[in-house]
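Novice: how would this look folded up:
(chains A, B, C and D)
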2 protein chains.
Amino acid sequence: MNIRVAIVEDDPDIRQSLSLLVRGTPGYELCGAFESAEAALEGLPGVRPEVVLMDINLPGRSGIECVRQLKAGRPGIQVVMLTVFDDSEDLFNSLSAGASGYLLKRTPPARILEAIAEVHRGGAPMSPQIARMVVEKFFPADVARPRKVELSGREEEVLQLLSQGYRYKEIAAALGLAVDTVHSHLRRIYEKLHVTSRTEAVVKFLQR
Amino acid sequence: MNIRVAIVEDDPDIRQSLSLLVRGTPGYELCGAFESAEAALEGLPGVRPEVVLMDINLPGRSGIECVRQLKAGRPGIQVVMLTVFDDSEDLFNSLSAGASGYLLKRTPPARILEAIAEVHRGGAPMSPQIARMVVEKFFPADVARPRKVELSGREEEVLQLLSQGYRYKEIAAALGLAVDTVHSHLRRIYEKLHVTSRTEAVVKFLQR
DNA sequence: CGTCCGTTAACCCGTTTGGGCGATTGCCGG
DNA sequence: CCGGCAATCGCCCAAACGGGTTAACGGACG
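Specialist: The predicted structure follows:
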């Protein structure tokens, strides 16, 4: 049996992409796509979805409120929230409104399909960053801290300067190194931290 | 009368630059330049400096320890610490060791000369970022909070995504905008926050 | 009604960054 | 003595970024 999926998403482009994704994949079936919370509440009951992909940032009333009302009427419907912001406020409100999954829109298409299947069989799919927020909510402090990335002394220094907004050449000047050396250190740092840009590295550094 | 200045700095390039700066400016006089804490403690008493520019990250023993010993023998000598790292640990240790000024090496040359003069007449020159750390140490929380930068809703969203490590085109995709539009928003954000790079903006955002 | 501002978008242009190589020098620990 | 790793520097190249400038549109506000 196909999984009946409905989509609530205001951005036409994204709605289109998601629709194509669901319709184009065997085992999934698109039973509706809505561009607002109002339209969704109006139309959803008629199309009997099993899983709803719900954008959280809808223009009129929020996707969170939409979920609450939807679950009130049809508690059996499973909802996966989609958002571009990893805001913890939204996350917990969504979960308490009855959403089971929570994905960032960055999530690759294949992962979204998996998530639909997971939520359909009772799971609670969420992006790793999101899962982390949940864990930290209930196990504050250090349980969730395998933060054991071992940077060498030099790498630590380079990262610190990077986090102060220095450019490659400024770091080089400050530490008395060649720019290419800084470049090398940065590549190793990114590798160790599993990131691909200075910003991600800085975020990890600032939240040590 | 010229101000007698001594320099303690291991990096030959920087030592050279500082030496030239001091020697080339009327009203200042270079009475010694040392490349290590040991050499400085050995040679400083003989050259009778009034102000010492002290690098904090010396290879052997730290510039902080050097200051402590120096001030123990000649409390009248004024010390300005120089560092590339805005580490609060180092800052407070330096101040308790007897340093009066604290500058980041990014400081423009003219400002360094000013600092020497200021410390010489009893002031406590420090880089703005450093001064802020001191203030926040003694007035925690909100006294030091003129953080009233008013970003518009859209700008707030763009900045949040930027702080999650999104690239321009990813932000554009996430918000349904053209890359050039994101570019525009970013320029305004940088202007409002008085920064010139994504990293500086992210740092300000994360410490809201 | 005119003006400011937020939002959108585009063009140009130089600089910065990130990734993929490779290479040398030390030092440490088996 | 050899392998591994930190630290250093190099070259190439494409993509991303930051800044300058311009411009259209719509709402807000006096």
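
Novice: so what's the residue count around the closest residue to DNA strand D within chain A?
Specialist: DNA strand D sits closest to A:S152 of chain A, with a gap of 2.7 Å, by Cβ to the nearest atom of the strand. Just so you know, the C-beta spots here come from the backbone N, C-alpha and C atoms, and that holds for glycine as well. As a burial measure, A:S152 scores 12 neighbours (other Cβ atoms under 10 Å in any protein chain shown).

Novice: just A:R48 next, same as before
Specialist: Using other Cβ under 10 Å, A:R48 is surrounded by 13 other residues.

Novice: how much space separates it from A:G32?
Specialist: 9 Å (Cβ to Cβ, to the nearest Å).

Novice: do A:I7 as well
Specialist: 7 Å.

Novice: do the same with A:L18
Specialist: 12 Å.

Novice: quick check: neighbours shared by the two?
Specialist: A:I7 (Cβ atoms under 8 Å, 6 or more residues apart in numbering or on different chains).

Novice: counting neighbours, go ahead and name the busier of these two.
Specialist: Higher neighbour count among A:L18 and A:G32: A:L18, with 23 against 19, using other Cβ under 10 Å.

Novice: contacting residues around the residue nearest the centre of chain A?
Specialist: Centroid-nearest residue in chain A, with Cα atoms, centre = their mean: A:L104, separated by 2.2 Å. Going by Cβ under 8 Å, 6+ apart, A:L104 touches A:82-84, A:86, A:127, A:129-130.

Novice: and if you look at A:S94?
Specialist: When contacts are taken as Cβ under 8 Å, 6+ apart, A:S94 is in contact with A:56, A:63-64, A:67, A:81, A:102.

Novice: can you check A:E200 too?
Specialist: Contacts of A:E200 (Cβ under 8 Å, 6+ apart): A:193, B:165.

Novice: kindly confirm my reading that it is in a strand.
Specialist: No: under DSSP: H, G, I helix; E, B strand; the rest coil, A:E200 sits outside any strand and is assigned helix.

Novice: can you list the low-confidence ranges for chain A?
Specialist: By pLDDT under 70, the weakly predicted segments of chain A are A:60-61, A:139-149.

Novice: so A:A117 sits against A:I3, correct?
Specialist: Yes: between A:A117 and A:I3 there is a contact under Cβ atoms under 8 Å: 6.7 Å.

Novice: how about the residues of chain A that lie near DNA strand D?
Specialist: A:150, A:152-155, A:175, A:177-181, A:183-185, A:188, A:197 (Cβ under 7 Å from any atom of the strand).

Novice: can I see the domain layout of chain A?
Specialist: When chain A is parsed with automatic domain parsing, its domains come out as A:3-138, A:153-206.

Novice: what strand or helix carries A:A33?
Specialist: Element membership for A:A33, per DSSP states H and E: strand A:28-34.

Novice: past that strand, which element shows up next along the chain?
Specialist: In N-to-C order, the element after strand A:28-34 by DSSP H and E is helix A:37-47.

Novice: which parts of chain A are helices?
Specialist: A:12-23, A:37-47, A:63-73, A:88-97, A:109-120, A:128-138, A:153-162, A:168-175, A:179-193, A:198-206 (DSSP state H).

Novice: check contacts around the closest residue to A:P12 other than its chain neighbours.
Specialist: Among residues not flanking A:P12 along the chain, A:E35 sits closest, at 7.5 Å (Cβ to Cβ, 6 or more residues apart in numbering or on different chains). Counting by Cβ under 8 Å, 6+ apart, A:E35 touches A:8-10, A:12, A:15.

Novice: hmm, A:N2 is touching A:G27, no?
Specialist: Yes: the pair A:N2 and A:G27 qualifies as a contact (Cβ under 8 Å) at a distance of 5.9 Å.

Novice: run a quick neighbour tally on A:D55.
Specialist: A:D55: 27 surrounding residues under other Cβ under 10 Å.

Novice: separation between it and A:D90?
Specialist: A:D55 is 11 Å from A:D90, by Cβ to Cβ.

Novice: list residues touching both of the two?
Specialist: With Cβ under 8 Å, 6+ apart, A:D55 and A:D90 have common neighbours A:T83.

Novice: residues touching A:F205, list them.
Specialist: By Cβ under 8 Å, 6+ apart, the residues touching A:F205 are A:159-160, A:162-163.

Novice: and the gap between the residue at the greatest distance from the centre of chain A and B:D86?
Specialist: Distance from the C-alpha centroid of chain A, by Cα atoms, centre = their mean, peaks at A:G176 (40.0 Å). When distance is defined by Cβ to Cβ, A:G176 is 19 Å away from B:D86.

Novice: likewise A:A172?
Specialist: 18 Å.

Novice: before we move on, what about A:T199?
Specialist: Taking Cβ to Cβ, one finds A:T199 at 19 Å from B:D86.

Novice: repeat that for A:N2.
Specialist: 58 Å.

Novice: looking only at neighbour counts, state which of the two leads.
Specialist: B:D86 (19 against 13).

Novice: measure the closest residue to the more buried one other than its chain neighbours to A:V5 for me?
Specialist: Excluding the flanking residues, the one nearest B:D86 by Cβ to Cβ, 6+ apart is B:Q129, at 5.5 Å. Per Cβ to Cβ, B:Q129 is found 51 Å from A:V5.

Novice: and A:V158, by the same measure?
Specialist: From A:V158 to A:V5 the distance is 47 Å (Cβ to Cβ).

Novice: and what of A:L206?
Specialist: 39 Å.

Novice: picking that back up, for the residues of chain A next to DNA strand D, which PyMOL command selects only the ones that are buried?
Specialist: Those of the residues of chain A next to DNA strand D that count as buried under 16 or more other Cβ atoms under 10 Å in any protein chain shown are selected in PyMOL with:
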select buried, chain A and resi 155+175+177+181+185
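
Novice: which of the residues of chain A next to DNA strand D sits closest to DNA strand C?
Specialist: Distances from DNA strand C to these, taken by Cβ to the nearest atom of the strand, are shortest for A:S197, at 3.8 Å.

Novice: with adjacent residues omitted, what lies nearest to the closest one?
Specialist: In space, A:S197 is closest to B:G165, 5.7 Å off (Cβ to Cβ, 6+ apart).

Novice: hang on, the one you found packs against A:V203?
Specialist: Yes: contact criterion Cβ under 8 Å: B:G165 and A:V203 qualify, at 6.6 Å.

Novice: got the contact list for A:V5?
Specialist: A:22, A:28-31, A:49-53, A:116.
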